[in-house]
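Novice: next comes the sequence, and after it the predicted model I'd like to discuss.
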Amino acid sequence: MGFLDTLLGRTKPVQPKLDALFALPSAAITLEAAASFRPTGTGSVCFRAAEGKAFSDIEKDVRQLLDMGSGTTPVEVTTDSYAYTWLVCHHSADDVEALVTDLHAVNSSLVDGGFGPQLLCTLVGFRDDAGRRLAIVYLFKRGTFYPFAPQDGERRDNALELQVRGQLGSDLKIEPDLSRWFPVWGAPGL
Amino acid sequence: MAKTRYAPDRGLIARMGLTMFLLGVVFVAFILALVLVLEASHRGSGAGIVILPVLLAIGLGFGSFYWSDKIALRTAGARLVTPQDGPQAAQLHGVVDRICALADMPKPRVAIAESRMPNAFATGRNSKMAVVCATTGLLDGRLNDQELEGVLAHELSHVAHKDVAVMTIASFIGIVAALLVRFAFYSELFGGGGGRGRGGNNNNNGGAIPVVLVVMVVGIVVYAISFLLIRLLSRYRELSADRSGALLTGQPSALASALQKVTGEMARIPTKDLRAAEPLNAFYFAPAFARGGAGASLSALFSTHPSLERRLKELAKISDQLSR
């Protein structure tokens, strides 16, 4: 934001960066090789629904589009305790590429409709043999990823998160500012 | 290039720019008037009563800017919280986290003030030192999730717009003028600046008193004009924070209903709370004071916040813009 924008109080909504998402499939392979975390086949897009008909029309279109594409399991829509909307897509565990393609379809539909600034994050779920949960969260506005490892009772496995950061550093652009690794407790698809 | 639903409010931007320009004009006129008055007096006897207030104003302005976070938190009786400090703190952190991620801005510190009055404010000299504070009255469930988010998005817009810095600089001229009047008044009262050396002799010539009087009149006029302009600027900054907040969350109507709830609740608050809130009035999401009755139009001119009707009308416009 420029000096004049600040002085005149005109912040512009930030447009999301979408393309970095396609680095996820190769990151999934690295993660499986290095830490035995395998994708669960579930991914979700989180956005802030805007009021009005224009947004609900686009939301309806997106759901129809995804339901036609995947065929087997329909897209789930949930609202979390912060009133953000999550679209959850399910795919077979070994097909991260198809999952990412679906997620990208959601994102680009919202952006094409002029609601790109409403996108918050995308989340892809992983799990290891011991049953530990891990999510790779993509921040649309930053174009960066961060790991989120929830434990029971709203605690985070920070050691695991930092370990994953080290392993994925060459595949993904990891968010350098740790204060932006915000927790997404109870996110669908974890 | 993706389609964008963002349309800047050119009218508001133009009016804000004009207000700042006028403040600058008043500032320059003020300095010119002082220089002319002191030149005309040929003695520099008035220099003391001019330089001292200016230095003091710089000190005061800088201090209130530099320690704005500490001063505001202390005044509101607020404490900084981490997400682990209970469910209210966790909720507040969660909302702020998400708004910051939507807006791509660094996360400010988060504080909670013990008060039944539902309100929120943001302060801090830069984005690193910024603090967002909500009262316990705001978090106790009277507002729903969207409304709470709307209020905090408004406060975070103040942080993004650097309103503390802008308003400090804007208020500087008012502080100088007010101090100058006071100094001139006392120096006249006690005969040319008390025992400040050179002032004492000039007083006998009779030349010093008119200079002091002229300086006083200039100060009063500048103070009155700059006061009105600063309040006008404050109201414009509130409107643009409303606007940015509503566009950020995509929910102008939620912000509007939060405004109505917060203003409605405020009317029912005991007087003691209101007095405690007085120094913070300009920072708050909604003013804790509303002067009504016969002086309503005059109080609108002096108010730090636009009227509820005005804010609701602007939000309705954004809502209309979003649905198209």
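Specialist: Received the coordinates, thanks.
Novice: switch to C-alpha atoms for all contacts and neighbour counts from now on
Specialist: OK.
Novice: which residue ranges of chain A form helices?
Specialist: Along chain A, counting by DSSP state H, helices occupy A:3-7, A:24-35, A:53-70, A:96-112, A:158-168.
Novice: go on, chain B?
Specialist: For chain B, applying DSSP H gives helices covering B:10-41, B:47-66, B:68-76, B:87-103, B:136-139, B:145-160, B:163-189, B:198-205, B:208-249, B:252-266, B:271-277, B:296-302, B:308-323.
Novice: out of those helices, nearest to residue A:49?
Specialist: Nearest to residue A:49, of all these, is helix B:208-249, at 8.0 Å by Cα to Cα.
Novice: that closest one vs chain A: in contact?
Specialist: Yes. Judged by Cα under 8 Å from any Cα of the partner chain, helix B:208-249 comes into contact with chain A through B:237, B:240, B:241, B:244, B:247, B:248, B:249.
Novice: show me what that helix is packed up against.
Specialist: Here helix B:208-249 touches helix B:10-41, helix B:87-103, helix B:145-160, helix B:163-189, helix B:252-266, helix B:296-302, helix B:308-323, going by 3 or more Cα pairs under 8 Å, 6 or more residues apart in numbering or on different chains; DSSP states H and E.
Novice: if you set the cut-off to 6 Å instead, what comes out?
Specialist: helix B:145-160, helix B:163-189 (3 or more Cα pairs under 6 Å, 6 or more residues apart in numbering or on different chains; DSSP states H and E).
Novice: neighbours of residue B:174, how many?
Specialist: 25 (other Cα atoms under 10 Å in any protein chain shown).
Novice: that one: what's its closest spatial neighbour, skipping adjacent residues?
Specialist: Spatial nearest neighbour of residue B:174, excluding adjacent residues (Cα to Cα, 6 or more residues apart in numbering or on different chains): residue B:223 at 5.2 Å.
Novice: I'd say that neighbour and residue B:175 touch.
Specialist: No. Residue B:223 sits out of contact with residue B:175 when judged by Cα atoms under 6 Å, with a separation of 7.9 Å.
Novice: any idea of the pLDDT on the nearest residue to residue B:154 once chain neighbours are set aside?
Specialist: Residue nearest to residue B:154 in three dimensions, not counting chain neighbours: residue B:245, with 4.5 Å by Cα to Cα, 6+ apart. At residue B:245, the model reports a pLDDT of 92.
Novice: burial of residue B:245, as a residue count?
Specialist: For residue B:245, using other Cα under 10 Å, the count is 28.
Novice: quick check: it vs residue A:51, distance?
Specialist: 14 Å (Cα to Cα, to the nearest Å).
Novice: swap in residue B:222?
Specialist: For residue B:222 relative to residue A:51 (Cα to Cα), the value is 46 Å.
Novice: which one of those two has more residues nearby?
Specialist: residue B:222 (21 against 18).
Novice: point out where the chain drops to low pLDDT.
Specialist: No chain specified, so I'll use chain A. Within chain A, the stretches with pLDDT under 70 are A:1, A:69-73.
Novice: ah, I was thinking of chain B
Specialist: Ranges of chain B meeting pLDDT under 70: B:1-4, B:42-47, B:191-209, B:266-280, B:282-283, B:288-298.
Novice: please repeat the previous calculation with a cut-off of 50.
Specialist: By pLDDT under 50, the low-scoring segments of chain B are B:1, B:193-206, B:292-294.
Novice: is the residue nearest the centre of chain A bridged to anything, and to what?
Specialist: Centroid check for chain A by Cα atoms, centre = their mean gives residue A:122 as the closest residue, at 0.9 Å. Applying DSSP bridges to residue A:122 gives these bridge partners: residue A:45, residue A:138.
Novice: could you do residue A:145 as well?
Specialist: The partner residues for residue A:145, given DSSP bridges, come to residue A:138, residue A:174.
Novice: that one: how many residues sit nearby?
Specialist: So residue A:145, with other Cα under 10 Å, has 26 neighbours.
Novice: now residue A:187
Specialist: Neighbours around residue A:187, by other Cα under 10 Å: 18.
Novice: and the gap between the closest residue to it other than its chain neighbours and chain B?
Specialist: The shortest distance from residue A:187 to any non-neighbouring residue, by Cα to Cα, 6+ apart, is to residue A:80 (7.4 Å). Per Cα to the nearest Cα, to the nearest Å, residue A:80 is found 10 Å from chain B.
Novice: and residue A:80, how far from residue A:188?
Specialist: Counting by Cα to Cα - residue A:80 and residue A:188 are separated by 8 Å.
Novice: what's the burial count for the residue of the stretch 151-300 of chain B found nearest chain A?
Specialist: Nearest residue of the stretch 151-300 of chain B to chain A: residue B:250, at 4.2 Å (Cα to the nearest Cα). By the criterion of other Cα under 10 Å, residue B:250 has 24 neighbours.
Novice: just the one 5 residues further on next, same as before
Specialist: Around residue B:255 sit 28 other residues, with neighbours defined as other Cα under 10 Å.
Novice: ditto for residue A:6
Specialist: Neighbour count for residue A:6, taken as other Cα under 10 Å: 17.
Novice: show me the contacts for it.
Specialist: By Cα atoms under 6 Å, 6 or more residues apart in numbering or on different chains, the contact set of residue A:6 is residue B:161.
Novice: which two of the residues of helix B:208-249 next to chain A have the greatest separation?
Specialist: Among the residues of helix B:208-249 next to chain A, B:237 and B:249 lie farthest apart (Cα to Cα), at 18.3 Å.
Novice: show me the contact partners of stretch A:37-45.
Specialist: Contacts for stretch A:37-45 (Cα under 6 Å, 6+ apart): A:31-32, A:86-93, A:122-128, A:189.
Novice: so how far is that stretch off the chain centroid?
Specialist: Computed by Cα atoms, centre = their mean, to the nearest Å, the chain-centroid distance of stretch A:37-45 equals 10 Å.
Novice: using PDB, write out every CA atom in it.
Specialist: In PDB, the C-alpha atoms belonging to stretch A:37-45 read as follows (Å, rounded to 0.1, in the frame of the first residue of the first chain):
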ATOM      1  CA  PHE A  37       2.900 -38.500   6.100                       C
ATOM      2  CA  ARG A  38       0.400 -39.500   3.500                       C
ATOM      3  CA  PRO A  39      -2.400 -37.300   2.000                       C
ATOM      4  CA  THR A  40      -5.900 -38.100   3.300                       C
ATOM      5  CA  GLY A  41      -7.400 -37.200  -0.100                       C
ATOM      6  CA  THR A  42      -9.300 -34.400   1.600                       C
ATOM      7  CA  GLY A  43      -8.800 -30.700   0.900                       C
ATOM      8  CA  SER A  44     -10.800 -27.600   1.600                       C
ATOM      9  CA  VAL A  45     -11.000 -24.000   0.600                       C
END
